[in-house]
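[1] any chance you can model this:
(one chain, ligands or ions: 2)
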Amino acid sequence: MSLDKKSALRVAQVLNEALPYIQRFTNKTIVVKFGGNAMVDWELQNSFARNIILMKLVGINPVVVHGGGPQIGQLLHKLNIESRFVDGMRVTDSETMNVVEMVLGGTVNKQIVNLINHNGGRAMGVTGKDGLLLEARKLTRKNENAGLHASEIIDIGQVGEVKKVNIDVINMLINGDFIPVIAPIGVDRNGISYNINADLVAGKIAECLKAEKLMLLTNVAGLKDKQGKVLTGLASPQVQSLIDDGTIYGGMLPKIACALDAIKAGVNSAHIIDGRIPNAVLLEIFTDSGVGTLITNSHTQTECR
Ligand SMILES: Nc1ncnc2c1ncn2[C@@H]1O[C@H](COP(=O)(O)OP(=O)(O)O)[C@@H](O)[C@H]1O
Ligand SMILES: CC(=O)N[C@@H](CCC(=O)OP(=O)(O)O)C(=O)O
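    Ligands and ions are numbered 1, 2, ... in the order given. Presented below is the predicted three-dimensional model:
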């Protein structure tokens, strides 16, 4: 398809304006988390795949971590298995864990890998089990309403948190010129599988790779305040009060937590952006038109080897 003169000039201008960003980010690692809610349709997934390829072509090392919560929910529904969440985490019994592995490690992972490869990139899909990439431990949740006789801990099943990231696996893929596409499934030393929230995995991987940026693509324009207005910037002292008054809830809780942890651990910036906007990744990286919330500041560090 050939462009008319005006459109062609505009394309040339856009490329020219992207130069300082390309220079800034070349040879840097950017972790991009593609949320299940942002995988609205094939076109959006395809545009995501092309954005990732373009990053790689200009010398950036993109590392993709994907979710797939709604896709897991759909299959569970078909199988008449109930979905239940505690603080944004899916309660995961062994039957649910099987479905999680099928959907994340199978369908969703291979869909993204295939789209990147089909568009001319070189993607390699792995779960956290491959090469022991994500060593996990069981995540426990405190029961805030525990009375005298209630348990202090809520058991949410095979839900994990990242204990260790084996970055050798990722570096091996990057050095082989592949784009790693990672499904958030972990395993412990006893071989037990864990369902890990994809935001948490993306955050820990960004920390361990000392990434330049962590980008979380979701289905909202950014973090919203009590009035529903998108907060373009957010620092950690504000966060607790937004959680306490219920402004941040559900799936936004792990996003904020992992973004704050990543920043504390040295990742330069964390962004919650609207993945439903075509080319959201390119807009965020190569232009001044950020499309969401930029997060700065906060706590803990993960073991990396
Ligand atoms: N303060 C907030 N601002 C924006 N979204 C919020 C907020 N608190 C909770 N949410 C919810 O978080 C959701 C995004 O998280 P989630 O559903 O887990 O998406 P993803 O699949 O992309 O990880 C939004 O759709 C919204 O319903
Ligand atoms: C423990 C837990 O909740 N795991 C998530 C894993 C997928 C995920 O995080 O997907 P999104 O990014 O699309 O929300 C789940 O089972 O839904």
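
[2] contact residues of the stretch 151-300 of the chain facing ligand 2?
    Contact residues (CB under 6 Å from any ligand atom) of the stretch 151-300 of the chain with ligand 2: 159, 184, 195, 197, 198, 251. Any C-beta I mention is one placed from the backbone N, CA and C, and that applies to glycine too.

[3] residue numbers of this protein in contact with ligand 1?
    35-38, 67, 69, 218-220, 223-224, 247-252.

[4] now with 8 Å?
    Residues of the chain lying near ligand 1 by CB under 8 Å from any ligand atom: 33, 35-38, 67-70, 88, 198-199, 216-225, 230, 242, 247-255, 272, 275.

[5] and those, which of them are buried?
    Buried members of those, counted by 16 or more other CB atoms under 10 Å: 33, 35-38, 67-70, 88, 198-199, 216-218, 220-224, 242, 247-248, 251-255, 272, 275.

[6] before we move on, the earlier item: next step: the residues of the chain next to ligand 1 restricted to helices.
    Using DSSP state H to define helices, the subset of the residues of the chain next to ligand 1 located there is 69, 70, 198, 199, 242, 252, 253, 254, 255.

[7] what bridges to residue 185?
    Applying DSSP bridges to residue 185 gives these bridge partners: residue 195.

[8] does residue 99 really touch residue 79, like I thought?
    Yes - under the criterion of CB atoms under 8 Å, residue 99 makes contact with residue 79 at 6.8 Å.

[9] of the two, which one has the most company?
    Shown here are residue 99 and residue 79; by other CB atoms under 10 Å, residue 99 has more neighbours (21 against 11).

[10] residue contacts, that one?
    72, 75, 76, 79, 81 (CB atoms under 8 Å, 6 or more residues apart in numbering).

[11] just the buried subset of those residues, written out for PyMOL, thanks.
    Those of those that count as buried under 16+ other CB under 10 Å are selected in PyMOL with:
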select buried, resi 72+76+81
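
[12] now go through the contacts of residue 99 and say which are in helices.
    In helices, judged by DSSP H, the following of those are found: 72, 75, 76.

[13] so which of the residues you listed comes closest to ligand 2?
    Relative to ligand 2, the closest of these is residue 72; by CB to the nearest ligand atom it sits at 5.1 Å.

[14] for the residue of the stretch 151-300 of the chain found nearest ligand 1, give me its contacts.
    Nearest residue of the stretch 151-300 of the chain to ligand 1: residue 251, at 2.0 Å (CB to the nearest ligand atom). For residue 251, the contact set (CB under 8 Å, 6+ apart) comprises 37, 69, 88, 199, 218.

[15] got a list of what the first one touches?
    This points to residue 37. Residue 37 makes contact with 67, 69, 70, 218, 219, 251, 275, according to CB under 8 Å, 6+ apart.

[16] now do 6 Å
    Counting by CB atoms under 6 Å, 6 or more residues apart in numbering, residue 37 touches 70, 218, 219.

[17] gap between it and residue 227?
    Going from residue 37 to residue 227 by CB to CB, to the nearest Å gives 22 Å.

[18] what does the third one give?
    In this structure, residue 88 and residue 227 are separated by 22 Å, where distance is defined by CB to CB.

[19] and the helix or strand encompassing residue 46, what's buried?
    Residue 46 is part of helix 42-57, with elements assigned from DSSP states H and E. Under the neighbour-count criterion of 16+ other CB under 10 Å, helix 42-57 has 44, 45, 47, 48, 49, 50, 51, 52, 53, 54, 55, 56 buried.
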